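*Asks:* 3D model of this:
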Amino acid sequence: MSYRILIVEDDMDINQLLAQILKDNGYTVTSAYSGSEGHLLMKHETFDCLLLDLMLPGMDGKSLITTIREQHTIPIIVISAMLGTDARVATLRLGADDFIAKPFENEEVLARVEAQLRRSQIFSKSNTSSSATLLRHKNCECNTATMTVSMNGTPIDLTSLEYQILTLFLQHPERVFTRSNIFTSCWKQEFLGEDNTVDVHISRIRSKIAQYDREEYIKTVRGIGYRLNP
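*Replies:* Below you'll find the model as predicted:
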């Protein structure tokens, strides 16, 4: 299967470099050089993964993430020279799935794209399963056949990663998960121990649940990680 990758990067040299890296490894690549162009392509075509710069002419990268997340669960990998922790956290909270700092290594780009596509395909295959399993905890209900989560009967809009993290807790209600456990289970990558990506995604899940229920569903276990709140 040839996956379709959209690159939105205004620097022509970097855009062409990313395109060549991906094409050399069998991917079908479409390039856009502004946020507005990327937005237009997303409206009219289907892609399996998005590589996105933040500083773009027209619609900037953050605005594009917000717009895409209103309708799509496509994996979004931000590639940016904005190295500060605050910038990375803000981007992840908007809905990005991963972050690569410029300058980047070719192999890192490939590895992260492969990991996101692998996770996305697992999500899609599970979504076509004919046997439904309902996972319930307090006022939360997860249907693993339709890959939907509802609170008090109202559907919650979760990204595929947020869904997988919440499902992990629902499937193991008594277990305490370290950040490494969560990262390796949901991202399918080795956890290096210096990234707060897991914390950001947990925070986003909590925020979305809090819109429908004031109870705490994911509890922080100090010094260890997280668990489903009994």
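*Asks:* C-alpha from now on. contacts and neighbour counts both.
*Replies:* Noted.
*Asks:* Find the residue at the geometric middle of the chain.
*Replies:* Asp97 (2.8 Å; CA atoms, centre = their mean).
*Asks:* what residues are up against that one?
*Replies:* Listed by CA atoms under 8 Å, 6 or more residues apart in numbering, the contact set of Asp97 reads 75-78, 161.
*Asks:* one more time with 7 Å, if that's ok
*Replies:* Contacts for Asp97 (CA atoms under 7 Å, 6 or more residues apart in numbering) come out as 75-77.
*Asks:* Could you do Ile74 as well?
*Replies:* 48-49 are the contacts of Ile74 under CA under 7 Å, 6+ apart.
*Asks:* can you start the count at 713 instead of 1 from here on
*Replies:* Sounds good: first residue 713 from here, last item Ile786.
*Asks:* That one in helix, strand or coil?
*Replies:* The assignment at Ile786 comes out as coil when based on DSSP: H, G, I helix; E, B strand; the rest coil.
*Asks:* Now do the buried residues in the helix or strand bottoming out on mean pLDDT in the chain.
*Replies:* The helix or strand of the chain with the lowest confidence, counting by mean pLDDT, DSSP states H and E, is helix 818-839 at a mean of 79. Going by neighbour count (16 or more other CA atoms under 10 Å), the buried part of helix 818-839 is 821, 824-825, 827-829, 831-832, 835, 839.
*Asks:* quick one: that helix to chain centroid distance?
*Replies:* 10 Å (CA atoms, centre = their mean, to the nearest Å).
*Asks:* what does stretch 859-868 give?
*Replies:* For stretch 859-868, the distance to the chain centre is 19 Å (CA atoms, centre = their mean).
*Asks:* again with stretch 921-933
*Replies:* Averaging C-alpha positions (CA atoms, centre = their mean) puts stretch 921-933 20 Å from its chain's average.
*Asks:* Excluding covalently adjacent residues, which one is nearest to Thr879?
*Replies:* In space, and not counting its chain neighbours, Thr879 is closest to Cys854: 7.4 Å by CA to CA, 6 or more residues apart in numbering.
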